[in-house]
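sharing a sequence plus its predicted fold:
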Amino acid sequence: MKYEETNKATSTEVDAPSSESRRGFLKLAAISGAAVSVTKRGALANGEIGFWAKDLPDDKLIDMYRTILKIRWHERTQADKMLADPSYRGYNHFYAGQEAVATGVCAALRNDGPFEQIDLVYSSHRPSGHAIAKGVDIPTMVAEMDFRSTGMNGGYAAEMHISDPSVGFIGADGMIGPAPVIASGSAFAFRARESDQVAVVFAGDGNYAAPHFHSTLNNAKLLDLPLIYVCENNLYHQYAHYSYSCPHKDISDAAAAYGIPANVVDGQDVVQVYNAAKTAVDRARAGGGPTFIEAKTYRYYNHWGAPGAKEGELGAFGYDPLAITSFRPEREVRAWMQRDPVDISRKILIDWGILDEARAAEIETEVKQEIASAFEWAMQQPLCNPEDALKHVFAEGTVPARQFG
Ligand SMILES: Cc1ncc(C[n+]2csc(CCOP(=O)(O)OP(=O)(O)O)c2C)c(N)n1
Ligand SMILES: [Mg+2]
C-alpha cells in the first residue's frame with residue numbers, strides 16, 4: 001500500500017503526505033534537510049521512495065548504526081596498522097565515509113538462509129564495507145586481508161578477492177567494469193528459476209566509462225532482471241574527478257536513458273539509502289525489474305591505503321605520492337566530514353527516541369572492542385605458505401558446471 005502511494009507521485013515535487021505518515025515524514029525531512037539539497041531529485045523530493053525506515057523495529061535501526069560503526073572501526077584500525085606496524089602485510093582501499101551506503105542497502109536484503117534463497121552482493125576493489133554490511137565474519141576477513149591461512153579465503157584472496165558465499169557476499173573484484181555484468185548473470189539465473197532473490201552490485205562512479213556499465217543496464221532492462229545497481233558516486237576515480245569521464249552531473253541520468261527507474265540519494269544518510277533500497281528490492285522481488293540507485297558520497301582516505309593519513313586520526317589530508325594527476329582539496333574532505341554517516345545515523349536514533357547519547361557511546365565502545373579483538377585474533381593466525389600458492393588453482397578430472405545464483 002505504501003509502495004503504491006509513494007509511486008503515484010510523478011512530478012519532481014512530492015505531494016504532501018496525507019496519511020498517518022505525515023508526522024514521521026516531516027521529522028525525517030527535518031533531520032535530513034541538508035540531504036535534500038544534494039540534488040533536486042533527492043531522495044525525499046521525487047516521490048519514488050517509500051518512507052520505510054520509520055516502520056523498522058528499534059533493534060533493526062540500532063543494528064544499522066552498529067554496522068556503520070563496525071565498518072568505520074575496521075577501516076580506522078586497519079589504516080593505523082598500515083601506518084604504524086611494519087610487520088603488517090595487509091592493505092585496503094578504504095571505505096570510511098561511505099559506510100551508510102553499504103549498510104542501508106544490505107539492511108534491505110535477505111542475508112540469512114540457504115544459498116538458493118538469499119540475496120547476492122557483488123563488490124569491487126573497495127570491498128570491506130560491503131562485506132561487513134552483508135554479514136561476513138569479521139575476524140576471518142581481517143585475517144584474510146593479512147594473508148593468514150585461516151582467513152576467510154585461506155589467505156589467497158586478500159582485500160581484492162575476498163568472498164563469502166554463505167552470506168551472499170560473492171566478492172570483491174579487482175577489475176573496473178565486469179562486476180555489474182556478472183551480477184546481472186546471477187539476476188538472470190534468479191529469473192530463470194523463478195526465485196524471488198535479488199542481485200546487487202556496488203560500483204563506483206569510475207564504472208560509468210566502462211562498456212560493461214551500459215551493456216548491463218541495457219540487458220537488465222530488456223530482460224527485466226531483479227538487479228539493483230548501486231552507483232557509489234564518491235566524486236573521484238583514483239585521482240580524477242568523475243566529470244573527466246562522465247558527461248552527467250547525476251550518473252543516474254544514464255540509467256533513465258535505458259528506461260530504468262533511478263534515484264539519487266544522499267549516501268551519508270543511512271535512512272535515505274535504506275528507503276531507496278527497500279523500494280528497489282520490493283520492485284525486483286515483485287518482478288518489476290531493475291533499479292539504479294546513485295548514492296552521493298565521499299571517501300575520507302586517499303584512493304589506496306593510508307598515504308597522507310596520521311595514526312589515530314580519521315581521514316587523509318596530507319600528501320599522497322600516488323596522486324600524479326590531481327589532489328583532492330583538503331577543504332573538500334573536511335566539508336564532507338561535516339556530514340559524517342556515523343554522526344547522522346546516531347542523531348537520527350537519538351532524535352527518534354531510540355537511543356540516548358550514553359547508550360550510543362556504549363555501543364561504539366562495544367564495537368571498538370569487537371574490532372580490536374578481531375585484529376588481535378587475526379594477527380596470531382598462521383601466515384600462508386608461498387609453496388601453497390598454486391593450490392586450488394587447477395582442478396583435476398571433470399568439473400561439474402556451476403553457476404552462482
Ligand atoms: C579495467 C581497470 N582499469 C583500471 C584499473 C585501476 N583502478 C583501480 S580502482 C580505479 C578507480 C575506480 O574508481 P571508482 O569506480 O570511482 O571507484 P572508487 O575507487 O572511487 O571507489 C582504477 C582506475 C582497474 N582496476 N581495472
Ligand atoms: Mg569513485
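Thanks, I have the structure now. Ligands and ions are numbered 1, 2, ... in the order given.

return the distance of the residue of the stretch 301-405 of the chain found nearest ligand 2 relative to residue 401.
With Cβ to the ion as the measure, residue 303 is the residue of the stretch 301-405 of the chain nearest to ligand 2, at 8.6 Å. (C-beta placed from N, C-alpha, C; glycine too.) When Cβ to Cβ, to the nearest Å is applied, the distance between residue 303 and residue 401 equals 38 Å.

isn't residue 228 right up against residue 202?
No: here residue 228 does not reach residue 202: they are 9.5 Å apart, not a contact under Cβ atoms under 8 Å.

joint contacts of those two?
Common neighbours of residue 228 and residue 202 are listed as residue 105 (criterion: Cβ atoms under 8 Å, 6 or more residues apart in numbering).

compare residue 303 and residue 401 (neighbour count), which wins?
Neighbours around residue 303 and residue 401, counted as other Cβ atoms under 10 Å, are more numerous at residue 303. The numbers are 20 against 4.

ok, the more buried one - contacts?
Taking Cβ under 8 Å, 6+ apart, we find residue 303 in contact with 93, 236, 238, 239, 320, 322, 323.

repeat that with 6 Å
Residues near residue 303 by Cβ atoms under 6 Å, 6 or more residues apart in numbering: residue 238.

now do the SS call for it.
In three-state terms, and counting by DSSP: H, G, I helix; E, B strand; the rest coil, residue 303 is coil.

can you check the one 3 residues further on too?
At residue 306, secondary structure determined by three-state DSSP is coil.

if we ignore the residues flanking it in sequence, what's nearest it?
Setting aside the residues directly before and after it, residue 306 is nearest to residue 79 in space (Cβ to Cβ, 6 or more residues apart in numbering), at 4.3 Å.

what is the burial count for that neighbour?
The burial count for residue 79: 25, using other Cβ under 10 Å.

ramachandran angles for the residue of the stretch 251-400 of the chain found nearest ligand 2?
Using Cβ to the ion, residue 299 is the residue of the stretch 251-400 of the chain that sits closest to ligand 2, at 7.6 Å. Backbone torsions for residue 299, taken as degrees, to the nearest 10, come to phi -100, psi 140.

pretty sure it contacts residue 97?
Yes: counting by Cβ atoms under 6 Å, residue 97 is a contact partner of residue 299 at 4.8 Å.

now residue 158: how far from ligand 2?
Using Cβ to the ion, to the nearest Å, we find residue 158 at a distance of 21 Å from ligand 2.

next up, the contacts around that residue.
145, 147.

just give the nearest non-adjacent residue to residue 364, would you?
Counting by Cβ to Cβ, 6+ apart, residue 364 lies nearest to residue 69, which is 5.6 Å off, once chain neighbours are set aside.

so that neighbour: helix, strand or coil?
helix.

packing partners for the host helix or strand of the residue nearest to residue 306?
Counting by DSSP states H and E, the element that carries residue 79 is helix 58-84. With contacts defined as 3 or more Cβ pairs under 6 Å, 6 or more residues apart in numbering; DSSP states H and E, the secondary structure elements packing on helix 58-84 are helix 99-106, helix 128-134, helix 341-351, helix 357-379.

that one and ligand 1 in contact?
No: using Cβ under 6 Å from any ligand atom as the criterion, no contacts between helix 58-84 and ligand 1 are found, and the smallest distance is 13.1 Å.

can you count the residues close to the residue of the stretch 251-400 of the chain closest to ligand 2?
Residues near residue 299, counting by other Cβ under 10 Å: 24.

need the pLDDT of it.
With respect to pLDDT, residue 299 has a value of 97.

kindly report the same for the one 10 residues further on.
Residue 309 is assigned a predicted lDDT (pLDDT) of 94.

having no further points to raise, I will conclude here.
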